[in-house]
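*Asks:* predicted structure and sequence below. I'll ask about it afterward.
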Amino acid sequence: MTLDRYIQIDIDDIFVGKEGVRVKVEDVQAMLTTQQYLQSVMEGFRFNLGFSGHFYLHGSPEEDAGDKKLIEYKHHFWWFGHMFAHEQAHKLDLKQLEATMQANKKFAQDYSIPVDQQYAVAPHHSGVYPVHEELYTAWRDVWDVKVTSTEEYPSLYPFWRRRGFIHRGIMVLPRQTCGLFTHTVFASDFRSGLPDLEDNFKGGELFLTIVDTPFNIFMTHMNNYGNDRLALYSFEGVVKFLKCWTNLRLLSVPPLKLGINYFNMFPEEKDPIWQNPCDYKRHIAIWSANKSCERLPKFLVVGPQKTGTTALYSFLSMHPAITSNINSPTTFEEVQFFNGNNYYKGLDWYMEFFPQPSNSSFTYLFEKSATYFDNENVPQRVFSLIPKAKIICILIDPAKRAYSWYQHMRAHNDPTALNYSFNTVLTADEQMPRQVRELRNRCLEPGMYYQHLMRWLDYFPARQLFIIDGEQLRNDPIHVMHKLQQFIHIQPYFDYSQHLRYDPHKGFFCQVLNDSRNKCLGRGKGRVYDPMDEASASYLRHFYRKQNINLSKLLNKLNTPVPTWLQDMLRDED
Ligand SMILES: Nc1ncnc2c1ncn2[C@@H]1O[C@H](COP(=O)(O)OS(=O)(=O)O)[C@@H](OP(=O)(O)O)[C@H]1O
């Protein structure tokens, strides 16, 4: 691990404290003295002051002189907006947020405070994580914020697991506590007193935090700098202790540079992993009161593509207790949140696709996105957000699936599928054009069922996974829907034998509308095309051999019936 240790010290709640515990002129002088010492160790170091202009000059005459001193020395510090009246962001809508930020901005302009670090912190961290999208919008529009910090991602404890992420261009950095809070005003307020405060920096928690953490953003409050000046004592103390007992290099850079350096060191953290805000008490408390975690699916149909997922989706939607997502204008019935770029749009975006259930124990929300099954990131993302969700996938002969995808692309006038035969696509080597290789991969990869299932099982217990034989879904959907209802323990039981019947014209089961009419899936499902050529069939048999053997072993282990198509395939091999 690097010996570099970046340190940023935020002082939140500038001007906010109650009369009697605010900073005075001498405290501000002491801040500068300590800052000079810290600069001698960390070139360029400045305290980072988060102000709420509404409370300026709200103390005793001595404290008001302290406020004025801070303004007089404004060019010695970095400054950031902390909401005009110290409002919690998650309680405000966009208009209110912009209004309070504008008021704070006007205050900064009136007193010529240099707020130019593109950094901000929300009071109580609220709205940063779990994300209140309106806060991110207002920060961008009013302050052009590019970097912030929170202790809450993924959760407060354990502190060493805190990470960063980037959302909508704003770098969210992990923030550390130093043991000081708004109420730690005198040494006697710190745990059991002065000896504990000293232990904290002489080898205790504060010292160890810096030893363990390459990027430290400490939260302190204005009150910690007045009164017993605990923050000055602690930080001067810890820096001296680190200089004496370690060979760490202590560094300070402006917040924006800190963010850039952070993600250069931890690029894998850039992508957020959204969690359910209702799984953590602290997170619910700083999440919008207007939002509800009930707008999340109880089960997912994850694909893969071309296995009958649309048929299953339409059958499920017929059930009186099951409600699907609202259609997307771009991807129709599939939301495709957990894979691709939609994930970066955040949780609010996803929840908008689900109605607020009137009775959440009666309503089963679900979504099907056939692209989830084989995407590397999806199982982890789903587990993180909805760990109790049931996962449903459909398997057909992977060779048939590959061919169906190729035919799907031809039907969509994909020039590659139109210009190259199925066999040429399957056998395309690295000399072939990129588009042909990409089509080959989309034909072949989702069918590597064993490999993809194992990834789901890395996160989800087997009891949450339901594997449907796609041939059975096609030929006997009534039985499949019966089993599926048992699996998700849904009430009331819906008797599909009254609502599905075989349509000889379509060649598939369809929804019964009345005695003489059925509602079938459109022309894009159940296409008519030439049978697969023998060379491709043989290539695919060989290609999927190992995967299929492993799949049958896995299904046996999971006590899941091995589909007839797989049994036949393995018997032919013998
Ligand atoms: N009841 C019913 N009606 C119509 N089609 C049915 C049905 N049951 C299964 N199938 C098979 O579903 C195949 C399409 O699969 P998907 O819906 O998963 O395709 S997609 O990924 O959403 O494009 C589709 O593939 P093709 O035959 O290649 O068109 C069908 O074989």
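*Replies:* Received the coordinates, thanks.
*Asks:* for this protein, which helix is longest?
*Replies:* Counting by DSSP state H, the longest helix found in the chain is helix 534-557.
*Asks:* which other helices and strands does that helix contact?
*Replies:* helix 398-411, helix 422-426, helix 449-459, helix 564-573 (3 or more CB pairs under 8 Å, 6 or more residues apart in numbering; DSSP states H and E). The way it works is simple: take the backbone N, C-alpha and C, and place the C-beta from them, glycine included.
*Asks:* and the next helix or strand after the shortest one, which residues are buried?
*Replies:* So that's helix 422-426. Moving toward the C-terminus from helix 422-426, the next helix or strand (DSSP states H and E) is helix 434-444. By neighbour count on 16 or more other CB atoms under 10 Å, the buried set for helix 434-444 is 435-437, 439-440, 442-444.
*Asks:* do the same with stretch 72-81
*Replies:* 74, 77-81.
*Asks:* same question, stretch 400-411
*Replies:* Buried residues in stretch 400-411, counting neighbours by 16+ other CB under 10 Å, are found at 400-410.
*Asks:* for the ligand, state which of these is nearest.
*Replies:* Comparing these against the ligand with CB to the nearest ligand atom places residue 404 closest, at 3.4 Å.
*Asks:* what sits against the nearest residue to that closest one once chain neighbours are set aside?
*Replies:* The shortest distance from residue 404 to any non-neighbouring residue, by CB to CB, 6 or more residues apart in numbering, is to residue 306 (4.0 Å). By CB atoms under 8 Å, 6 or more residues apart in numbering, the contact set of residue 306 is 370, 396, 401, 404-405, 408.
*Asks:* repeat that for residue 454.
*Replies:* Listed by CB under 8 Å, 6+ apart, the contact set of residue 454 reads residue 554.
*Asks:* was I right about residue 53 contacting residue 101?
*Replies:* No: contact criterion CB atoms under 8 Å: residue 53 and residue 101 do not qualify, at 10.7 Å.
*Asks:* so which residues on this protein come close to the ligand?
*Replies:* 305-311, 370, 404, 407-408, 473-474, 508-509, 521, 525-527 (CB under 6 Å from any ligand atom).
*Asks:* so which of the residues you listed sit within strands?
*Replies:* Among those, the ones falling in strands (DSSP state E) are 508-509.
*Asks:* ok, of the residues of the chain next to the ligand, which come out buried?
*Replies:* Applying 16+ other CB under 10 Å to the residues of the chain next to the ligand flags 305-311, 370, 404, 407-408, 473-474, 508-509, 521, 525-526 as buried.
*Asks:* just to revisit the earlier point, can you list the buried residues of stretch 72-81 in CSV and add pLDDT?
*Replies:* Formatted as CSV, those follow (pLDDT from 0 to 100):
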residue, pLDDT
74, 98
77, 98
78, 98
79, 98
80, 98
81, 96
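*Asks:* and of those residues, the nearest to residue 196?
*Replies:* Closest approach between the buried residues of stretch 72-81 and residue 196, by CB to CB: residue 77, at 29.0 Å.
*Asks:* mind listing what residue 133 touches?
*Replies:* Residue 133 touches 168, 346, 348-349, counting by CB under 8 Å, 6+ apart.
*Asks:* distance of the residue in the stretch 151-300 of the chain positioned nearest to the ligand from residue 553?
*Replies:* Proximity of the stretch 151-300 of the chain to the ligand (CB to the nearest ligand atom) peaks at residue 300, 14.0 Å away. Going from residue 300 to residue 553 by CB to CB, to the nearest Å gives 25 Å.
*Asks:* shaky segments in this structure?
*Replies:* Across the chain, residues meeting the criterion (pLDDT under 70) sit at 574.
*Asks:* let's see it at 50
*Replies:* In the predicted model of the chain, no residue satisfies pLDDT under 50.
*Asks:* domain ranges for it?
*Replies:* Domain segmentation of the chain under automatic domain parsing yields 4-269, 292-573.
*Asks:* distance between the first one and the chain's centre?
*Replies:* Taking CA atoms, centre = their mean, to the nearest Å, the mean C-alpha location of domain 4-269 is offset from the chain mean by 25 Å.
*Asks:* for that domain, measure first residue to last.
*Replies:* Distance across domain 4-269, first residue to last, is 19 Å (CA to CA, to the nearest Å).
*Asks:* the last one too?
*Replies:* Taking CA to CA, the first and last residues of domain 292-573 lie 53 Å apart.
*Asks:* with stretch 239-253 instead?
*Replies:* By CA to CA, the extent of stretch 239-253 from end to end equals 16 Å.
*Asks:* for it, list every residue counted as buried.
*Replies:* Neighbour counts over stretch 239-253 (16+ other CB under 10 Å) mark 239, 241-242, 250-253 as buried.
*Asks:* same check, this time on stretch 273-284
*Replies:* Buried residues in stretch 273-284, counted by 16+ other CB under 10 Å: 273-277, 280, 283-284.
*Asks:* the nearest residue to residue 570 once chain neighbours are set aside: neighbour count?
*Replies:* In this structure, residue 570 finds its nearest non-sequential neighbour in residue 552, 5.8 Å apart by CB to CB, 6+ apart. Residue 552: 17 surrounding residues under other CB atoms under 10 Å.
*Asks:* ok, what's across the strand from the residue lying closest to residue 464 once chain neighbours are set aside?
*Replies:* Closest residue in space to residue 464, ignoring its immediate chain neighbours: residue 390 at 5.2 Å, by CB to CB, 6+ apart. As for beta bridges, residue 390 partners with residue 299 under DSSP bridges.
*Asks:* so residue 390 makes contact with residue 299?
*Replies:* Yes: between residue 390 and residue 299 there is a contact at 4.0 Å, judged by CB under 8 Å.
*Asks:* list the residues that contact both of the two?
*Replies:* Residues touching both residue 390 and residue 299 (CB under 8 Å, 6+ apart) are residue 488.
*Asks:* neighbour-wise, which of these two wins?
*Replies:* More crowded of residue 390 and residue 299, by other CB under 10 Å: residue 299, with 24 against 21.
*Asks:* all set now, cheers.
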